[in-house]
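Peer 1: could you work out the structure for the sequence below:
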Amino acid sequence: MKILIVNKFLYPKGGSETYAFKLGKFLESAGHQVQYFGMEHKDRCVGNNAEQYTDNMDFHTANTVSKIKYSLKTIYSIEARKKIKIVLENFKPDIVHLNNINFQLTPSIIYEIKAHGIPIVQTVHDVQVACPNHRMYNEQKEEICSECFDGKYINCIKNKCLQASLLKSSIAAFESYYYHKKDTYNLVDKYICPSQFMADVITKAGVEKNKIQVLHNFCDEQTNLSPKDKSKKYVLYFGRLSIEKGIKSLVEVCKRLKDIHFIFAGTGPLTDLCKGADNIELVGFKSGEELNTLIRNAMFSLNPSECNENCPMTILESMSLGTPVICSDLGGSPELIDDDITGKIFKAYDKDDLEEKIQYLYNNSKLLADMEQNCITASKEYTINKYCDTVLKIYRDLI
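Peer 2: The predicted structure is shown next:
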């Protein structure tokens, strides 16, 4: 089978890239032909035989002239449509698997793929279809936001949701109006939603229910796990240090629990805030075996998000390494945790509840030992082998 994987970034950047590259690598190992389409970049690590990629668009470093040009290209990219046409005619894929495409590639490419009669699958990594800001979070108010639901995208402009910029927010709102008016998103043949929460969100945004399949993300299957090193007792947070991740609330809770040692692995705009507690050890960004060791040896990990996350890889990674998780009750997170079996679920924004759950697990070594085994067992349901069996069935049914 020939599979074209499309993602705006073709270098390691975030969760959707990790997903796309691991999926593609596994499909190739199973004997399928895989190529990629997205933006050109000096760190690009995958590609296509036609050597066709869109020009790199970096909104953070762009000058004023470039930003004006970008404002037009982020709604409908003629360049992306022309270049993917060349890739489609060169590779002749049986299926196209979309990931994150908005702004840099734009849904304009959907029309070109359909013009070639090729089925389209899209994995939904964020709430872009329903929320122009693709986060359902208002940073100015520090709260969850669903004001654009039911097509009220004008609220994105009123609230300056995109980086507090009136221009960027206006472009995002117009893009949402444009593609929903044309019903473009229903041209996709099948949406893979990594959580029931995400499936419900895009259904409210107008995607037909029969086009949606819930399939939780996969995690690396761990074999021959070494025993936990319990010589250093600590609780772990790993991820971005930002307001929507619940870091502000977590730091306050950590300060209350002076006898518990916390390790924070990550970077972000709230790094300095995390330096304000004596019992928080900041170790910076970690990856690979170094991160795995940190996770494996933690008593438990924390996912205190105050926004609606989709299917957090941090939870799946923790479980696969036998580390229980305390997570908030927002978004798709609680779909991954069995309360008192593989971790604990607390009420988001409730610092007292979070403090109580941390204290409870920290002082219950017998329960933690049981949860460790439960996590390892539960994570076997999220292997990439099982995941790709389902994805390949979706491909074959559409073809």
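
Peer 1: pLDDT weak spots in the stretch 1-150 of the chain?
Peer 2: Counting by pLDDT under 70, the stretch 1-150 of the chain shows low-confidence ranges at 59-72.

Peer 1: which residue ranges of it form strands?
Peer 2: Assigned strands in the stretch 1-150 of the chain, in chain order: 2-6, 33-37, 95-98, 120-123, 137-138, 143-144 (criterion: DSSP state E, counting those that start in this stretch).

Peer 1: now N138: how far from G14?
Peer 2: Distance from N138 to G14, counting by C-beta to C-beta, to the nearest Å: 21 Å. (Each C-beta comes from the backbone N, C-alpha and C, glycine too.)

Peer 1: of those two, which one has the most company?
Peer 2: The neighbour comparison of N138 against G14 (other C-beta atoms under 10 Å) goes to N138, with 19 against 12.

Peer 1: in CSV, list the strands of the stretch 1-150 of the chain along with distance to I157.
Peer 2: Putting the strands of the stretch 1-150 of the chain into CSV (distance: least, C-beta to C-beta, whole Å) gives the following:
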stretch, distance to I157
strand 2-6, 29
strand 33-37, 31
strand 95-98, 27
strand 120-123, 26
strand 137-138, 13
strand 143-144, 18
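
Peer 1: give me whichever of those is most buried.
Peer 2: With neighbours taken as mean count of other C-beta atoms under 10 Å, the strands of the stretch 1-150 of the chain reach their highest mean count in strand 95-98, at a mean of 26.

Peer 1: strand partners (parallel or antiparallel) of that one?
Peer 2: For strand 95-98, the paired strands and their directions (DSSP bridges) read strand 2-6 (parallel), strand 120-123 (parallel).

Peer 1: could I get those in CSV, plus columns for distance to E252?
Peer 2: Shown next, in CSV, are the strands paired with strand 95-98 (distance: least, C-beta to C-beta, whole Å):
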stretch, distance to E252
strand 2-6, 42
strand 120-123, 35
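
Peer 1: select, out of those, the one closest to S365.
Peer 2: Closest approach to S365 among the strands paired with strand 95-98 is made by strand 120-123 (38.9 Å; C-beta to C-beta).

Peer 1: which stretches in the stretch 1-150 of the chain count as helices?
Peer 2: Secondary structure of the stretch 1-150 of the chain by DSSP state H, counting those that start in this stretch: the helices cover 15-29, 64-73, 78-91, 108-115.

Peer 1: make a markdown table out of those and add mean neighbour count.
Peer 2: A markdown table is the format used below for the helices of the stretch 1-150 of the chain (neighbours: other C-beta atoms under 10 Å):
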| stretch | mean neighbour count |
| --- | --- |
| helix 15-29 | 18 |
| helix 64-73 | 13 |
| helix 78-91 | 18 |
| helix 108-115 | 19 |
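
Peer 1: out of these, which gets nearest to I144?
Peer 2: Smallest distance to I144 across those (C-beta to C-beta): 19.6 Å, for helix 15-29.

Peer 1: isn't V127 up against M136?
Peer 2: Yes - using C-beta atoms under 8 Å, V127 is in contact with M136, at 5.2 Å.

Peer 1: pull up the overlap in contacts between these two.
Peer 2: Common neighbours of V127 and M136 (criterion: C-beta atoms under 8 Å, 6 or more residues apart in numbering): 201, 308.

Peer 1: OK, contacts around E252?
Peer 2: Residues near E252 by C-beta under 8 Å, 6+ apart: K351.

Peer 1: can you name the element that comes right after the one helix or strand it maps to?
Peer 2: For E252, the element it lies in under DSSP states H and E is helix 247-256. Sequence order places strand 262-265 as the next helix or strand after helix 247-256, per DSSP H and E.

Peer 1: packing partners of that following strand?
Peer 2: Secondary-structure packing of strand 262-265 (3 or more C-beta pairs under 8 Å, 6 or more residues apart in numbering; DSSP states H and E): strand 235-238, strand 280-282, helix 288-297.

Peer 1: looking at those, which is nearest to E309?
Peer 2: Nearest to E309 among the helices and strands packed on strand 262-265 is strand 235-238; the distance by C-beta to C-beta comes to 14.0 Å.

Peer 1: so for the closest one, mean pLDDT?
Peer 2: What strand 235-238 shows for mean pLDDT is 98.

Peer 1: give the pairing partners of it; include direction for each.
Peer 2: Strand pairing for strand 235-238, using DSSP bridges, gives strand 262-265 (parallel), strand 300-303 (parallel).

Peer 1: residues contacting D220?
Peer 2: Counting by C-beta under 8 Å, 6+ apart, D220 touches 317, 320, 384.

Peer 1: among those residues, which one sits closest to F238?
Peer 2: Distance to F238 across these (C-beta to C-beta) is lowest for E317, with 8.4 Å.

Peer 1: and the gap between that closest one and I280?
Peer 2: Relative to I280, E317 is positioned 21 Å away (criterion: C-beta to C-beta).

Peer 1: thinking again about what came up before, how about the helix holding E252: buried residues?
Peer 2: Buried residues in helix 247-256, defined by neighbour count with 16 or more other C-beta atoms under 10 Å: 247-251, 253-254.

Peer 1: let me have those residues in JSON lines, extended by distance to K230 and pLDDT.
Peer 2: Converted to JSON lines, the buried residues of helix 247-256 look like this (distance: C-beta to C-beta, whole Å; pLDDT from 0 to 100):
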{"residue": "I247", "distance to K230": "27", "pLDDT": "97"}
{"residue": "K248", "distance to K230": "30", "pLDDT": "96"}
{"residue": "S249", "distance to K230": "28", "pLDDT": "97"}
{"residue": "L250", "distance to K230": "23", "pLDDT": "98"}
{"residue": "V251", "distance to K230": "25", "pLDDT": "97"}
{"residue": "V253", "distance to K230": "23", "pLDDT": "98"}
{"residue": "C254", "distance to K230": "21", "pLDDT": "97"}
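
Peer 1: now these in TSV, with distance to S301?
Peer 2: Converted to TSV, these look like this (distance: C-beta to C-beta, whole Å):
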residue	distance to S301
I247	14
K248	18
S249	16
L250	12
V251	16
V253	15
C254	14
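
Peer 1: and of these, the nearest to V235?
Peer 2: Nearest to V235 among the buried residues of helix 247-256 is C254, at 8.6 Å by C-beta to C-beta.
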